[in-house]
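S.K.: below are the sequence and a predicted model; questions follow.
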Amino acid sequence: MDIVTKQPQEIARLRYLYSRAGFGATPAELTEASRQSLRKVVRKLVKDSESITDLQVVEADQNETKRQLKGLFRDGQLDKDMLKERIRQNAEKVRDLNLQWIDQMALGKSALREKMALFWHSHFACRAQGRNPLFMQKYANTLRQNALGRFGDLLMAISKSPAMLQFLNNQQNRKNAPNENFAREVMELFTLGRGNYSEHDIKEAARAFTGWQFTSDGKFVFRERVHDEGEKTIFGKTGAYKGEDVVDMLLERKETARFITAKIYRFFVNEEEDKKQVDTLAEQFYKSNYDIAQLMETIFSADWFYDSKNIGSHIKSPVELLAGLRHTLGVQFDQPQPQIFVQRTLGQLLFYPPNVAGWPGGKNWIDSSSLLFRMQLPNYVLKAAEVAIRPKEDGDVNTEPLARKGAARFQTKIDWADFEASFAKISDNALTDAIALTLLPFPLRAEQRSIVEKQTKPDQTRSERIRALTAALMSLPEYQLT
């Protein structure tokens, strides 16, 4: 299927849509989409994301969990060697969970769902405490299952996930000794945002969340014996509230709809917020009972979404960069470690956000130590190069087992045949611009075209020329933008 070049503006629009609503598109996907109206393409993105394949690296089996715990003891004493080995095994399983998720992103079959889940991972930021793969598996699948549903369902489900309850210390939140950490983050980071609640609201909400705990095999449990049954006054209302009541109260507040909508806008549209557009979207979001899929369809179908000020304004996160590169060219890695290496080196390792506020994003992705590696990454991947760069030291003992000393080698398989087929009928003179149209947010400038074409050789075959041009175009700074 040849790339359509008679309507470059339409292809450019679709490239932008697919990069924001997913992880980019192949030239064949762009050509196919160009035959439909934009509204139909958006609806197809939503529909294609209705199905989900759960990530699974460990069985959620209560008896197996008990056997594992029992196996750490010998003669009634904790076996430190066994504990060390178990920690190593768990770290590897969390790594495998990471790679399974990257695979799902790169497939592109449920691109919008996976992109939304990545957004929610930073919004509901949670680290792999104790490297527990079962808890992180449940957490990741909860995000992915609810990514395009009702925000209220997602909020309730993620708040009751063992990973989040553990991360925010709610297991220690008991009557007569309340722990405010969970209640504070639910209000400040997950729903209302700063300035829309009082310290008294947090203290009372913490009392309501007492008893929200979890079992060792990853099940939510409400323990009445540690729950504070007394009356609480939250947002001016008084009652013997429980955690579910607090969640409902948060959803009743329009500030929650405004806070969530603004954050989605900054991630999917532009970091510079358009107050009028966000206010309108937030009102619709609230009235729809927080329908996430409807909100995203509204955004991607709006004329203003395609304004020139938005195009190329988003810097790809390391995961977006990696998954997009894989999807566009059908890249498969022979070994798992390079993908972990890329994430650690560029500062976004799935399941290990820097803190409860998630990854800051935007220009924070670019610094002097990572920019050169970002620019060279396509060449490393496409040419199976060896990389001697060291990953960033994050000072986190949880990620140490994921590190590898020395060089990383990028051994890959690439589906060049499908990619090249889309340009079969493009003339040699138009080839550079045709490939650039599918990869970059802006048309090539004359000086860029000259630099890119110098990467080719006169005696190259057509196939070799396409590969050389693709690697050169992906190494331009503009490839880091969507």
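M.R.: In hand now; what should we look at?
S.K.: burial count for Met474?
M.R.: 24 (other CB atoms under 10 Å). In this view, the C-beta of every residue, glycine as well, is placed from N, C-alpha and C.
S.K.: residue contacts, it?
M.R.: Taking CB atoms under 8 Å, 6 or more residues apart in numbering as the criterion, Met474 is in contact with 325, 378, 382, 439.
S.K.: please report how far the third one lies from Gln411.
M.R.: This points to Leu382. According to CB to CB, to the nearest Å, Leu382 stands 12 Å off from Gln411.
S.K.: which one of those two has more residues nearby?
M.R.: Neighbours per residue (other CB under 10 Å) separate Leu382 from Gln411, with Leu382 holding more: 21 against 13.
S.K.: OK, contacts around Asp334?
M.R.: Counted by CB under 8 Å, 6+ apart, Asp334 has contacts 411-413.
S.K.: how much space between it and Thr412?
M.R.: From Asp334 to Thr412 the distance is 7 Å (CB to CB).
S.K.: can you check Glu188 too?
M.R.: Taken as CB to CB, the span from Glu188 to Thr412 is 42 Å.
S.K.: ok so Thr210 is a strand residue?
M.R.: No: secondary structure of Thr210 (DSSP: H, G, I helix; E, B strand; the rest coil): coil, not part of a strand.
S.K.: ok, it touching Gln172?
M.R.: No: at 10.0 Å, Thr210 does not count as touching Gln172 under the criterion of CB atoms under 8 Å.
S.K.: in this structure, which residue is closest to the centre?
M.R.: Among the residues of the chain, the one closest to the centroid is Leu118, at 1.9 Å (CA atoms, centre = their mean).
S.K.: for Leu350, see how far away it is.
M.R.: Distance from Leu118 to Leu350, by CB to CB: 8 Å.
S.K.: for Arg184, same thing?
M.R.: For Arg184, the distance to Leu350 - CB to CB - is 25 Å.
S.K.: and these two? which has more neighbours close in?
M.R.: Neighbour tally, Arg184 and Leu350, criterion other CB under 10 Å: the higher count belongs to Leu350, 23 against 19.
S.K.: just give the nearest non-adjacent residue to the more buried one, would you?
M.R.: Spatially, and ignoring its direct neighbours in sequence, Leu350 is nearest to Asn98 (4.4 Å; CB to CB, 6 or more residues apart in numbering).
S.K.: quick check: which element contains that neighbour?
M.R.: helix 80-107 (DSSP states H and E).
S.K.: gap between that helix and the chain center?
M.R.: Offset of helix 80-107 from its chain centre (CA atoms, centre = their mean, to the nearest Å): 17 Å.
S.K.: what are the buried residues along it?
M.R.: Neighbour-count burial for helix 80-107 flags 86-87, 90-107 (criterion: 16 or more other CB atoms under 10 Å).
S.K.: where do the strands sit along the stretch 351-482 of the chain?
M.R.: Taking DSSP state E, counting those that start in this stretch, the strands of the stretch 351-482 of the chain run over residues 386-387, 408-409, 412-413.
S.K.: ugh, typo on my part, it should be the stretch 201-350 of the chain
M.R.: Here the stretch 201-350 of the chain has its strands, by DSSP E, counting those that start in this stretch, at 212-214, 220-222, 232-234, 237-239, 332-333.
S.K.: so what touches the first one?
M.R.: Judged by CB under 8 Å, 6+ apart, the contacts made with strand 212-214 from elsewhere in the structure are 159-160, 162, 165-166, 170-171, 173, 182, 220-223, 226, 243.
S.K.: repeat the analysis, applying 6 Å as the threshold.
M.R.: 162, 165, 170-171, 220-221, 223, 243 (CB atoms under 6 Å, 6 or more residues apart in numbering).
S.K.: redo the residues you listed as CSV? Include neighbour count, pLDDT and distance to Thr345.
M.R.: Below are those laid out as CSV (neighbours: other CB atoms under 10 Å; pLDDT from 0 to 100; distance: CB to CB, whole Å):
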residue, neighbour count, pLDDT, distance to Thr345
Pro162, 24, 97, 30
Leu165, 24, 97, 32
Asn170, 25, 98, 34
Gln171, 16, 95, 34
Phe220, 15, 98, 36
Val221, 12, 98, 40
Arg223, 13, 98, 43
Gly243, 25, 98, 40
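S.K.: which of those fall in helices?
M.R.: Counting by DSSP state H, the contacts of strand 212-214 place 162, 165, 243 in helices.
S.K.: okay, the nearest residue in space to the last one that is not next to it in sequence: pLDDT?
M.R.: Put plainly, it is Gly243. Spatial nearest neighbour of Gly243, chain neighbours left out: Phe209 (4.5 Å); criterion: CB to CB, 6+ apart. pLDDT, Phe209: 98.
S.K.: let's number from 58 now, not from 1
M.R.: With 58 as the first residue, the last one maps to Phe266.
S.K.: hmm, Asp302 and Phe266 touching each other?
M.R.: No: applying CB atoms under 6 Å, one finds Phe266 not in contact with Asp302, separated by 10.1 Å.
S.K.: more neighbours, the two?
M.R.: Between Phe266 and Asp302, counting by other CB under 10 Å, Phe266 is the more crowded of the two (27 against 16).
S.K.: tell me the contacts of that one?
M.R.: Going by CB under 6 Å, 6+ apart, Phe266 touches 230, 239-240, 300.
S.K.: can I get the ones in helices among the contacts of strand 269-271 in a markdown table including distance to Lys104?
M.R.: Below are those laid out as a markdown table (distance: CB to CB, whole Å):
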| residue | distance to Lys104 |
| --- | --- |
| Pro219 | 32 |
| Leu222 | 34 |
| Gly300 | 34 |
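S.K.: what's the closest of these to Arg72?
M.R.: Pro219 (40.0 Å; CB to CB).
S.K.: what distance do you get for the closest one to Leu225?
M.R.: Counting by CB to CB, the gap from Pro219 to Leu225 is 11 Å.
S.K.: how many neighbours does the nearest residue to Ser427 once chain neighbours are set aside have?
M.R.: Among residues not flanking Ser427 along the chain, Leu403 sits closest, at 5.2 Å (CB to CB, 6+ apart). By other CB under 10 Å, 25 other residues sit near Leu403.
S.K.: any figure for the gap between Leu403 and Phe324?
M.R.: 18 Å.
S.K.: same thing with Ser94?
M.R.: 26 Å.
S.K.: tell me which of these two has more neighbours.
M.R.: The residue with more neighbours, out of Ser94 and Phe324, is Phe324; 20 against 9, by other CB under 10 Å.
S.K.: do you know the pLDDT at the more buried one?
M.R.: Confidence score, pLDDT, at Phe324: 98.
S.K.: do I have it right that it meets Trp177?
M.R.: No: look at Phe324 against Trp177 with CB under 6 Å: they stay out of range, at 10.3 Å.
S.K.: do a quick rundown of the strands in the stretch 108-257 of the chain.
M.R.: 130-131, 134-135.
S.K.: okay, domains of the protein per the record?
M.R.: Annotated domains of the chain cover 119-309, 311-363, 372-537 [automatic domain parsing].
S.K.: which among these is found nearest to Leu87?
M.R.: domain 372-537 (5.9 Å).
S.K.: how long is that closest one from one end to the other?
M.R.: By CA to CA, to the nearest Å, the extent of domain 372-537 from end to end equals 6 Å.
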